[in-house]
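Engineer: Show me the folded form of this:
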Amino acid sequence: MIVVGRFSFPHEAHIAKANLESAGIESFIADEYTINMQWLYSNAIGGVRLMVNEADEAEAINILQADFSEALDDTEVCEDTCPHCGGIELVPHTKGKQPAFLVFILLGFPLFFYRQGYKCNSCGEFSEKL
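Structural biologist: Coordinates of the predicted model:
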C-alpha cells in the first residue's frame, strides 16, 4: 500500500476515499481512530493517511489532484429578498442570543428564548422565514 494523501481530520480522508471509490479504486484509511481519539496528535503522526495499492497510485493521485469546479452549474443562482424592503443583503442571524447568554451566566442554566433567522443589512429588519 502507498500513501497518496494525508489529511488533518478523518472526514477529509473519507471524502477523498469516496472520490477514489467512485472511480473504482480500492483505498484504505490509516490512523483514523487515533486522530478521532486525540485530534491533537494529527500533526505529530503525519495526519490521517489515505492508502492505495501500488498499481493504482498514479491514477489515484490524478483523481485527488483534479479540479472539478468547472463541473458546477452556477447559472442558476437563487437570491432571497427581504420581505420588508426587498433588499438582497441577507445574513444568518440569531435574535436574542446575548440575553440568553446573560441569563445563562447569571442563573447557571440556559433558557432558550432566542430565534434563528435572517437579518437584512439594508433595512436592519429580522425575519425568520424567507
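
Engineer: For the worst-scoring helix or strand of the chain on mean pLDDT, buried residues please.
Structural biologist: Sorting the helices and strands of the chain by mean pLDDT, DSSP states H and E puts helix 97-107 at the bottom, at a mean of 77. Residues 100, 103 are the ones in helix 97-107 that count as buried (16 or more other C-beta atoms under 10 Å). The C-beta positions use only the backbone N, C-alpha and C, and glycine is treated the same way.

Engineer: Ok, stretch 122-130 next?
Structural biologist: Those buried within stretch 122-130 under the rule 16+ other C-beta under 10 Å are residue 127.

Engineer: what does that stretch rub up against?
Structural biologist: Residues from elsewhere that reach stretch 122-130 (C-beta atoms under 8 Å, 6 or more residues apart in numbering): 80-85, 87, 89-90, 93, 95, 115-120.

Engineer: Go again with 6 Å.
Structural biologist: 80, 83-85, 87, 89, 95, 117-119 (C-beta atoms under 6 Å, 6 or more residues apart in numbering).

Engineer: are any of the residues you listed buried, and which?
Structural biologist: Among the contacts of stretch 122-130, those scoring as buried are 95, 118-119 (criterion: 16+ other C-beta under 10 Å).

Engineer: Among these, which lie within strands?
Structural biologist: 95, 118-119 (DSSP state E).

Engineer: quick one: the strands in this protein?
Structural biologist: 2-7, 27-30, 48-52, 90-95, 115-120, 126-127.

Engineer: what's the spacing between the nearest residue to residue 120 once chain neighbours are set aside and residue 96?
Structural biologist: In this structure, residue 120 finds its nearest non-sequential neighbour in residue 82, 4.0 Å apart by C-beta to C-beta, 6 or more residues apart in numbering. To residue 96, residue 82 is 20 Å away according to C-beta to C-beta, to the nearest Å.
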